[in-house]
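# need a 3D model of the following:
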Amino acid sequence: MNPIPNKTKTGFHTALAVISLTLLLCSCAQLKEFLGLSSPKIPSPQLARLELRLIEEAEGGSIPGTMISKAWIKKDKASDQSFVSITFSAEGAQEIQRISSENIGKQLGIYLDGRLISSPTIQASIDDGRAIIQGLSVEELNSLKAE
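The predicted structure follows:
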């Protein structure tokens, strides 16, 4: 007794073979983008042009973009909102920890080429050298991606 007719099995196996071949021909980046998993990395030249500093404090300290190791634009699938995920260098991690722990509730300006592009509020001390920036507009996100 054959529960699945041979014709159906063959069609199913053919479809699997086509999908497998398609996946082999795609690069990882293409596959991630196709599946909606891609997280565009913010280019290093853009990071070097960034600066993070407190909005209202003249002496609060600042973090130049050279203290950011990596940054990606990601999307929260539950809320469909984009955000920036940042990893700081060792020196940057120490500085963001100091600034964030002393200034919870204050705004941290994100500057690109000296122009303020966003000013999120510090919500908690950043103790592990990684941070996320939420609430950026499409224009703000695009200014970070552009080379």
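# rest of the way, CA atoms for contacts and neighbours
Will do.
# nearest residue to Lys75 other than its sequence neighbours?
Nearest non-adjacent residue to Lys75, counting by CA to CA, 6 or more residues apart in numbering: Ser82, 4.2 Å away.
# check contacts around Glu102.
Shown in contact with Glu102 (CA atoms under 8 Å, 6 or more residues apart in numbering): Ser125.
# any idea how far Arg115 is from it?
Between Glu102 and Arg115 the distance is 24 Å, computed by CA to CA, to the nearest Å.
# same check on Glu56?
15 Å.
# over to Ile96?
From Ile96 over to Arg115 (counting by CA to CA), the distance is 20 Å.
# show me which of the two is the more surrounded one.
Ile96 (25 against 11; other CA atoms under 10 Å).
# A helix includes the more buried one, no?
Yes - under DSSP: H, G, I helix; E, B strand; the rest coil, Ile96 sits within a helix.
# surely it touches Ile126?
Yes - the criterion here is CA atoms under 8 Å, and Ile96 meets it with Ile126 at 6.5 Å.
# any idea which helix or strand of this structure has the worst average confidence?
Lowest on mean pLDDT, DSSP states H and E among the helices and strands of the chain sits helix 28-34, with a mean of 44.
# from the contact counts, what lies against the helix or strand just after it?
Downstream of helix 28-34, the next assigned helix or strand under DSSP states H and E is helix 44-48. Contacts defined by 3 or more CA pairs under 8 Å, 6 or more residues apart in numbering; DSSP states H and E place helix 44-48 against strand 68-76.
# next structured bit after the strand it packs on?
strand 81-88.
# count of neighbours near Ser79?
So Ser79, with other CA under 10 Å, has 7 neighbours.
# from Leu136, how far off is it?
Using CA to CA, one obtains 14 Å as the distance from Ser79 to Leu136.
# now do Ile55
Relative to Leu136, and taking CA to CA, Ile55 is found at 17 Å.
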